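Asks: take this sequence and fold it.
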Amino acid sequence: IIGEWMRQVMSNRTGEVKTEDDVTLVWSIAVAIFCVGGMIGGALVGTVADKFGRKGGLLMINVLVLITAILEGCAKMAGSYEMIIIGRFVIGINSGLNAGIAPIYLAEISPVHLRGAVGTVYQLVITISILIAQILGMNNVLGTAEHWPILFALTIVPAIFQCFTLPLCPESPKYLLLCKGKDVDAQRALTWLRSSSDVYEEME
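Replies: Residues are numbered from 1 along each chain as shown. As a prediction, the model looks like this:
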């Protein structure tokens, strides 16, 4: 469906009927550019996580999701397949950052005896998200020539949810202690996470 839309956009611009090879080239770029963004995002994980914090970094990169939702959601209306390509690149950066920062945050806030189990939660959520996306992309849901921009724009929903819920959680105690040297804040965060004031041993 999107490939056919790309063909129509290109044909309208040039006044010539585009071949399958022309459409395949643009489509391949749109698909591959996500991986390029992912590599860049992955390379920036350490910098973002240490500069803005684990929690702060996760909140900050939601801006990239907003940009993507606007670009991809408005691409059809603007008649621009370039907006799809740019959006894929931007969400790739977000995914690379998210795939690195989220597991770090989960590992650093979880108790030692639950660390392994908590570490698998991120991949579980990713798998569930893929399933939901596949369902929404079905022909009788949003996978139609009229509704695919809505499907793309829905990427903003998890980001909005995170923006409302993550601020309720504390920053990583390990980050506060080792990266910022804020002993009191780290102890306060750990006390909140463990629901106990007896955190001296873990702080050590």
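
Asks: which residues does H147 contact?
Replies: V141 (Cβ atoms under 8 Å, 6 or more residues apart in numbering). Any C-beta I mention is one placed from the backbone N, CA and C, and that applies to glycine too.

Asks: if we go to 10 Å?
Replies: 1, 76, 136-137, 139, 141 (Cβ atoms under 10 Å, 6 or more residues apart in numbering).

Asks: from the chain's centre, how far out does stretch 195-204 sit?
Replies: The chain centroid and the centroid of stretch 195-204 are separated by 33 Å under Cα atoms, centre = their mean, to the nearest Å.

Asks: any idea of the mean pLDDT for that stretch?
Replies: Stretch 195-204 shows a mean pLDDT of 76.

Asks: start at 25, not 1
Replies: Okay, residue one is now 25; in that scheme the one you just asked about reads as stretch 219-228.

Asks: show residues contacting it.
Replies: 135-136, 197, 201, 207, 210-218.

Asks: buried subset of these as a ChimeraX selection?
Replies: Buried members of the contacts of stretch 219-228, identified by 16 or more other Cβ atoms under 10 Å, are gathered into one ChimeraX selection as follows:
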select :197,201,210,211,212,213,214,215,217
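
Asks: restricted to helices, list the contacts of stretch 219-228.
Replies: 197, 207, 210-218 (DSSP state H).

Asks: in CSV: those, plus distance to M107.
Replies: CSV is the format used below for those (distance: Cβ to Cβ, whole Å):
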residue, distance to M107
P197, 41
D207, 47
A210, 43
Q211, 47
R212, 44
A213, 40
L214, 44
T215, 47
W216, 42
L217, 41
R218, 46
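
Asks: any idea which of these is least confident?
Replies: Per-residue pLDDT puts R218 lowest of the ones in helices among the contacts of stretch 219-228, at 86.

Asks: leaving out chain neighbours, which residue sits closest to it?
Replies: P135 (7.1 Å; Cβ to Cβ, 6 or more residues apart in numbering).

Asks: my read is that that neighbour contacts L217, right?
Replies: Yes - using Cβ atoms under 10 Å, P135 is in contact with L217, at 8.2 Å.

Asks: tell me the one of the contacts of H171 nearest P182?
Replies: Nearest to P182 among the contacts of H171: L160, at 12.8 Å, using Cβ to Cβ.
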